[in-house]
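Asks: Coordinates for the following, if possible.
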Amino acid sequence: MSLRRPPLAYIHARRNGFDESDAAFPSQLDEKDGIDAQELAHFVMNNLGQPIPTLAEMKTALDAPKNATSLVQEINTLKKEQLEFEVFLREVSRANDGALDFYFQTDDLKYRENDDEWKEHYRRLEKFQRLNTQLEKTGFCDTLERSRYEYVRRLTELQKRRAEMEEREEMERRVREAQFPQSVREYHAMSSRAAQLRVARFLMADSSKQDQMSTQSGWAWRQTQPLIKEYTANEMFRGEVGELVQVNASRDPRSRA
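Replies: Numbers count the residues shown, from 1 in each chain. Presented below is the predicted three-dimensional model:
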C-alpha cells in the first residue's frame, strides 16, 4: 500500500485526503504547543525574509478597504509567497537529507567479510534508513500538498472576489458616466477621459446632434441645461472644450478618413 494514499475515512469525511494533523489549528494551544508553533512560524518567516506583523498591522490590513486593484496586488503577493515557500521547503528537505546521509553513513567495517555481526548491524541500519527516508519524503510531500491546497483555495477565493469587484466597479463607472455634469467643476472632476470627451463633443454639437446624443446616453434635457448655459457664457471653458475635442480628433484616424 502506498504511503501517499489517504485512508478512506478521510475521503468519506470530506477532508480532501488529509488526516487529522492537516486539520486547522485549534483555537487554543497549551503553553508548550503554543511556544513550538510560534518558534516554527518565526523560523519559517525569518528564513523567507518576511517581517512578522504585529496585531495592529494585521488588523489594519484586514480592515483596509478592498478594490479590484488591491485584490490584484494581494493575488500577486500570494503567488510570490507560495513560490518562495516551496523553494524554502525544498531547501530544508535537501538539508535534512544531507544530515541523515551523514548520520547514517557507514565505515569500512561494513566490508569485512568475516564480521557477520557488523554486517547484520549495517543491514538493519540501512533498512531503517530506507524506511526513514521514505517517511521523511512522505512528510515533505504532505506538507507541500497541504501548502498547495491552501494556496489554491485562497487564490480561488481572491480571484472570485476580484471578478465580483471588477463587475461592481464597472457598473458604478457606467452609472457615473451616464450622469451628465451639472457644472464646470463637475466636468473637471470626471474620472473618465472618454466620458469627459463625450460631454465636450455634446457641448460643441448642434441641437439635432445633441438630441441624438442625449437619447443614446440617457441624458434628460433638464439634466444638460446647466452646463450648456455655462458653456455658452464662459469663453475660457468653451476654448478648453474645443481644444479637447480638436486634440482627440487629430489622434482619431476616423477623423481623417
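Asks: how close does residue 38 get to residue 60?
Replies: Note on residue 38: its distance to residue 60, by Cβ to Cβ, to the nearest Å, is 21 Å. Every C-beta, even on glycine, is put in place using the N, C-alpha and C of the backbone.
Asks: swap in residue 219?
Replies: Plainly put, residue 219 is 42 Å away from residue 60 if you go by Cβ to Cβ.
Asks: Of those two, which one has the most company?
Replies: A count of neighbours by other Cβ atoms under 10 Å puts residue 219 above the other of residue 219 and residue 60, at 18 against 11.
Asks: does that one really touch residue 180, like I thought?
Replies: Yes: A contact is recorded between residue 219 and residue 180 when judged using Cβ atoms under 8 Å, the distance being 4.6 Å.
Asks: and for these two, which residues touch both?
Replies: When contacts are counted by Cβ atoms under 8 Å, 6 or more residues apart in numbering, residue 219 and residue 180 are jointly contacted by no residue.
Asks: Which helix or strand lies directly C-terminal to the helix or strand where residue 197 lies?
Replies: Assigned by DSSP states H and E, residue 197 belongs to helix 193-204. The helix or strand immediately downstream of helix 193-204 is helix 207-217, counting by DSSP H and E.
Asks: What residues sit buried inside the helix or strand just after that following helix?
Replies: Past helix 207-217, heading to the C-terminal end, the next element that is a helix or strand (DSSP H and E) is helix 221-233. Going by neighbour count (16 or more other Cβ atoms under 10 Å), the buried part of helix 221-233 is 223, 224, 227, 230, 231.
Asks: Specify the angle between helix 221-233 and helix 207-217 in degrees.
Replies: Between the axis of helix 221-233 and that of helix 207-217 there is an angle of 130 degrees, by axes from the mean of the first three to the mean of the last three Cα atoms, to 10 degrees.
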